[in-house]
Structures are given as structure tokens and as C-alpha cells.
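S.K.: coordinates for the following, if possible.
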Amino acid sequence: MSDFLTTAVDAALLAGKLLRENFEKPLVVDAMQAHDIKLELDRRTQRLIEDHILARYPDHAILGEEGIRGGTGDCEWIIDPLDGTVNYFYGLPHFATTIAIRRNNTLLAGVVHDPMRDETWTVEAGGPALLNGREIKVSTRTELEDCIVSMGVSKTVDTINSTLPAFNHAIRQVKKMRMLGSAALDIAYVATGRLDAYIEGTISLWDIAAGLLLVPAAGGVIDLQPHADNPNKFRIAATSGHADFASLIPA
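M.R.: Residues are numbered from 1 along each chain as shown. Down below sits the predicted model:
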């Protein structure tokens, strides 16, 4: 692994250890919102990752939900310390830490770490997609009726209202639909062939940055459309590329 990827993996494993140790323990809630939860542990885990990276690369910048920290160099780390906070809070063991690095907006490496299953996806630009060191590939299923698709729903009333008609259409076309609650794991599962597609109308860059490398490296396809009003929000369809998923993607 490159130094960048080694640093990302080490930071993700440190974060995963902290999350695992605090799972199903009393948690401090920073904010309880209509469709989301903000935990003190989110901030603590973010700071743990930031400190690990900046100790090695003090001139690098870090982008996450808490804003930008660090230097002003041409390298930027994109971090979600706890993707699946609501799952975590309710004791559902389906969440992940994800870290990616880019230079001048070109992604170089990424990691998605699931501390509860001890699964770590890694990828570098131009290299294979790996799960615990083993090369992975997307599903080869070609018919929608055989496919499992995950469709994420963002946290606003507008995005809920726009997603539900698309979900209603898709569920009639595919084998099964899922809403799993962690975009980072959804996109990693597409790379692994566990899901055939992951679709979401509004998602943050830090949730999916590592997956943007993982899926193509595993033979899949990414359709990423930025939101005009926010450069860090996107519409995404990450698919195997082997079935006709175009009709499932909301306009």
C-alpha cells in the first residue's frame, strides 16, 4: 500500500476501535433532529482521525461534516467518521468509517471500514478493489428481476417525497429493495457484488468518496451528478453495469 492508503487504513482502524468500544454504551447526543441524530462520539471520532492524519501530513486539509481543518496544500482528506449514526444510536450493527484522499480534486485512495464485521475495503487509483486484502468484483447479474438494489433517502421532507415514487417504481422491477442506512457500506457492497446497485438523490461527498474509486475498480459504473446549489452534495447511482438500471434512477 502507498503511504496515503496506509495512513487512511490506520486511521480507520483506530476510529473503528473507538466506535466498537462504545457500541451499545450510553451516548451523548449533540442534536436530535427529525430524521437524524448528531452524537458527541461523531466529533470525537472525527478528531481522532484528523489528529492521526495531520500528525503525518500537517500541510494537508481535511474535509468532513464539521468543515475543513488542517493546511492549505493540494491534498485533501475526505472523512466520515461514523456513517450510519442513526443505526449506531439504535444498536443496529451496520455502520462504517470511510476515508478518502484526493489531490487537486483527483481521488488517489480510499478505505471503508466496518468495525463490527471486521471488514475493510481498500482501493488506490489504478489498482484493484480489495476486501480484507482479497480482490472483489461487482455482481454479474443481468436481469433486474434478479437484482437487489439499495435506495438511500436523505433527511429532508423534499428528498423523502421525491425518493418514494422512485422506490415504488423500482421495487416492482427488482428482486428486492433495501434501505440499509449507511451509504459508505451500500457503495462498498455494490463493489463486492452483495448489492447490484445503490441509488440516492442527495448524498454528501464524504459518505461516498472512497466508493467512487471502489466501484469502478471492481468493474462497476458510477453516475454522479452534483447539485447546483452545493458542491459537496450529489445524486448517485453506483451499479454493476450489467443490468438496465437507468429506468430506476430518479430524474
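
S.K.: which one is residue 170 nearest to, not counting chain neighbours?
M.R.: residue 248 (4.4 Å; C-beta to C-beta, 6 or more residues apart in numbering). Using the backbone N, CA and C atoms, a C-beta is placed for each residue, glycine as well.

S.K.: and the one you found, how many neighbours?
M.R.: Other residues near residue 248 number 23, with proximity taken as other C-beta atoms under 10 Å.

S.K.: and what of residue 106?
M.R.: Residue 106 has 9 neighbours, counted by other C-beta under 10 Å.

S.K.: can you check residue 72 too?
M.R.: Neighbours of residue 72 (other C-beta under 10 Å): 9.

S.K.: doesn't it lie inside a strand?
M.R.: No: per DSSP: H, G, I helix; E, B strand; the rest coil, residue 72 lies outside any strand segment and is coil.

S.K.: separation between it and residue 179?
M.R.: Distance of residue 72 to residue 179, computed by C-beta to C-beta, to the nearest Å: 39 Å.

S.K.: poorly predicted segments of the stretch 1-150 of the chain, please.
M.R.: 34, 66 (pLDDT under 70).

S.K.: the helices in it, which residues?
M.R.: In the stretch 1-150 of the chain, the segments counted as helices under DSSP state H, counting those that start in this stretch are 3-22, 40-56, 85-89.

S.K.: which ones are touching the residue nearest to residue 170?
M.R.: 144, 149, 166, 169, 170, 173, 174, 197, 199, 237 (C-beta atoms under 8 Å, 6 or more residues apart in numbering).

S.K.: if we can go back for a sec, could you dump the helices of the stretch 1-150 of the chain into TSV with distance to residue 161 added?
M.R.: Listed next are those as TSV, based on distance: least, C-beta to C-beta, whole Å:
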stretch	distance to residue 161
helix 3-22	32
helix 40-56	27
helix 85-89	20
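
S.K.: so which of those comes closest to residue 109?
M.R.: Set against residue 109 and scored by C-beta to C-beta, the helices of the stretch 1-150 of the chain come closest in helix 3-22, at 4.2 Å.

S.K.: so that closest one versus helix 40-56, what angle?
M.R.: Here the directions of helix 3-22 and helix 40-56 differ by 150 degrees (axes from the mean of the first three to the mean of the last three C-alpha atoms, to 10 degrees).

S.K.: what's in contact with helix 3-22?
M.R.: Counting by C-beta under 8 Å, 6+ apart, 1, 41, 44-45, 48-49, 52-53, 56-57, 77, 81-82, 88, 95, 97-101, 108-116, 120, 122, 124 sit against helix 3-22.

S.K.: thanks again, I'm all set now.
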